[in-house]
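S.K.: Predicted model, plus sequence, below.
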Amino acid sequence: DLSGQNKPQHIADCVKENDETCNSFLWSPDGRYLAWSDPRGIWLAQVEELSVQLVQPDIITVKDPRGQESKSRVDYELHSWSPAGRFILVKLIPSAEGVQWYSLLDTRLARLVNIPESADYSNRSSKITWTYDGDLLVAPASLPEFQQAPYLQFWQIIPTNNTLLSPG
């Protein structure tokens, strides 16, 4: 019951395609928003208004090392809201690729920004978490076979910055 009227309110349909399901339901820290992903993208419902919008479609633009852009279909795995409730930590999973990476979704501006050095490969994975003040702490996947020691990165989130992230 989202309306406080002791009866369920229909706010959205989650579309299922093939074996894909709706997943990664997340409540915002203040309980005003519900986010989820389905095969169409990432959705955000404003509970008080009973309104829903697609904030990030399932197609993204990816640049190769030469700067050429191409469109790619991705699935999303929502990990967690920022402590302040504006940003969502998201894992992007391209359907035909072996690599996955983390991004930051600004729910107010419907903007998705990749987190540098957060790529996960088949046998290596990055770890990422929020700090208490709403910034990100990232432990990129290490490469022990190349004698690369593990290390941590601190990313400050600056909403007015074009890149959204600033190294700390």
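M.R.: That came through fine.
S.K.: Who are the contact partners of Thr107?
M.R.: Counting by C-beta atoms under 8 Å, 6 or more residues apart in numbering, Thr107 makes contact with Tyr33, Ala35, Leu44, Val55, Arg86, Phe87, Ile88. Glycine gets a C-beta too; all of them are placed from N, C-alpha and C.
S.K.: what about 10 Å?
M.R.: 28, 33, 35, 42, 44, 53, 55-56, 81-82, 85-88 (C-beta atoms under 10 Å, 6 or more residues apart in numbering).
S.K.: Quick one, which of those residues are buried?
M.R.: 28, 33, 35, 42, 44, 55-56, 81-82, 85-88 (16 or more other C-beta atoms under 10 Å).
S.K.: ok, of those, which one's closest to Glu69?
M.R.: Among those, Gln56 lies closest to Glu69 (C-beta to C-beta), at 17.3 Å.
S.K.: Would you format the buried ones among the contacts of Thr107 as TSV with secondary structure, pLDDT and distance to Gly134 included?
M.R.: Shown next, in TSV, are the buried ones among the contacts of Thr107 (DSSP: H, G, I helix; E, B strand; the rest coil; pLDDT from 0 to 100; distance: C-beta to C-beta, whole Å):
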residue	secondary structure	pLDDT	distance to Gly134
Ser28	coil	94	13
Tyr33	strand	93	16
Ala35	strand	93	17
Ile42	strand	93	20
Leu44	strand	94	18
Val55	strand	94	19
Gln56	strand	94	20
Trp81	strand	95	10
Ser82	coil	95	5
Gly85	coil	90	9
Arg86	coil	93	8
Phe87	strand	95	8
Ile88	strand	95	12
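S.K.: Among these, which pair sits farthest apart?
M.R.: Longest span within the buried ones among the contacts of Thr107, C-beta to C-beta: Gln56 and Gly85, 16.9 Å.
S.K.: Show me where this protein dips below the pLDDT cut-off.
M.R.: For the chain, residues meeting the criterion pLDDT under 70 lie at 1-23, 95-97, 122-124, 142-148.
S.K.: change it to 80
M.R.: 1-24, 50, 62-65, 95-99, 119-125, 141-151 (pLDDT under 80).
S.K.: Assign a three-state SS to the residue nearest the centre of the chain, would you?
M.R.: Nearest to the mean C-alpha position of the chain, counting by C-alpha atoms, centre = their mean, stands Val90 at 1.8 Å. Here Val90 is recorded as strand under DSSP: H, G, I helix; E, B strand; the rest coil.
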